[in-house]
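1. Show me how the following folds:
(one chain, ligands or ions: 1)
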Amino acid sequence: MQLNHADIRRVSLKYVATALFAAVFTAVVVSAFWIWFYSVVPSAPPRVARSGNVVAVQPKNAPPVEIAQQVVVGPAGLAIPVVGIKPEQLTDTFTQARANGRRHDAIDIMAAEGTPVIAAADGTIEKLFFSHGGGGITIYERATDPKWQYYYAHLQRYAPGLAEGQQVKRGQVIAFVDHTGDASPSGPHLHFAINEMAAGQRWWQGTPINPYPLLAGKKASG
Ligand SMILES: [Zn+2]
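-> Residues are numbered from 1 along each chain as shown. Next comes the predicted model:
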């Protein structure tokens with residue numbers, strides 16, 4: 001068969017139309033699949049980097065375990081950052097209201113003055129900061145995975161020799177409990193926060209996630 005110009009154009013148009021249809025059809029089917037996938041498969045809860053080569057408690061919903069004397073580790077592999085505190089002593093105060101209509105965005109771990117505060121996970125001391133009307137004596141620790149930061153506040157004092165840039169291990173004593181800053185002297189506690197850090201974010205930035213489930217191995221109450 002001899003094709004003239006018009007025939008060729010018609011045939012190529014047909015091919016283009018078929019190819020276009022196939023492309024659009026594939027795109028629609030693929031996006032439909034992912035929409036279905038994300039609506040059916042639940043998104044994973046925030047995960048905190050494992051601490052060094054120590055694996056997390058398994059299965060994930062198992063209760064926290066004591067890995068060393070008075071160091072209790074939750075399902076995310078985080079140590080409860082106050083020595084001697086058991087998971088059942090923790091209270092979820094993450095969503096509680098605080099001054100100026102702000103949300104607490106942290107957990108308060110009640111303990112006697114002078115109780116050792118330990119690193120929740122391996123990391124580097126990024127900033128030692130004194131916040132006069134807020135956290136008092138504080139520590140900002142960047143996790144080994146720089147996506148996470150741990151914040152410890154209302155401290156009495158730092159562990160001797162603690163310095164910015166220093167690497168710390170999970171369970172290492174870094175400070176002591178008190179009520180510096182705006183905490184009540186009648187209720188000394190560690191104010192502990194976990195911040196998710198976007199690339200390039202500095203120590204005063206980040207987005208808080210609730211430490212309670214990660215330490216207590218229970219669902220958040222709020
Ligand atoms: Zn607090």
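
2. residues in this structure within reach of the ion, list them.
-> 106, 108, 191 (C-beta under 5 Å from the ion). All C-beta spots, glycine's among them, are computed from the backbone N, C-alpha and C.

3. Dump these into JSON lines; add secondary structure as well.
-> Shown next, in JSON lines, are these (DSSP: H, G, I helix; E, B strand; the rest coil):
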{"residue": "106", "secondary structure": "coil"}
{"residue": "108", "secondary structure": "strand"}
{"residue": "191", "secondary structure": "strand"}
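
4. how about JSON lines for those residues, with neighbour count added?
-> What follows is the residues of the chain next to the ion, written out as JSON lines (neighbours: other C-beta atoms under 10 Å):
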{"residue": "106", "neighbour count": "24"}
{"residue": "108", "neighbour count": "19"}
{"residue": "191", "neighbour count": "24"}
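
5. Between those, which sits nearest the ion?
-> Nearest to the ion out of the residues of the chain next to the ion is residue 191 (C-beta to the ion; 3.4 Å).

6. Bridged to the closest one, which residues?
-> residue 108, residue 153 (DSSP bridges).

7. ok, the residues of the chain next to the ion vs residue 205, which is closest?
-> residue 106 (15.4 Å; C-beta to C-beta).

8. Excluding chain neighbours, what is closest to the closest one?
-> Spatially, and ignoring its direct neighbours in sequence, residue 106 is nearest to residue 193 (3.8 Å; C-beta to C-beta, 6 or more residues apart in numbering).

9. OK, contacts around that neighbour?
-> Contact partners of residue 193, counting by C-beta atoms under 8 Å, 6 or more residues apart in numbering, are 105-107, 150-151, 153, 208, 211.

10. can you tell me how far it sits from residue 20?
-> Going from residue 193 to residue 20 by C-beta to C-beta, to the nearest Å gives 52 Å.

11. Repeat that for residue 166.
-> Taking C-beta to C-beta, one finds residue 166 at 60 Å from residue 20.
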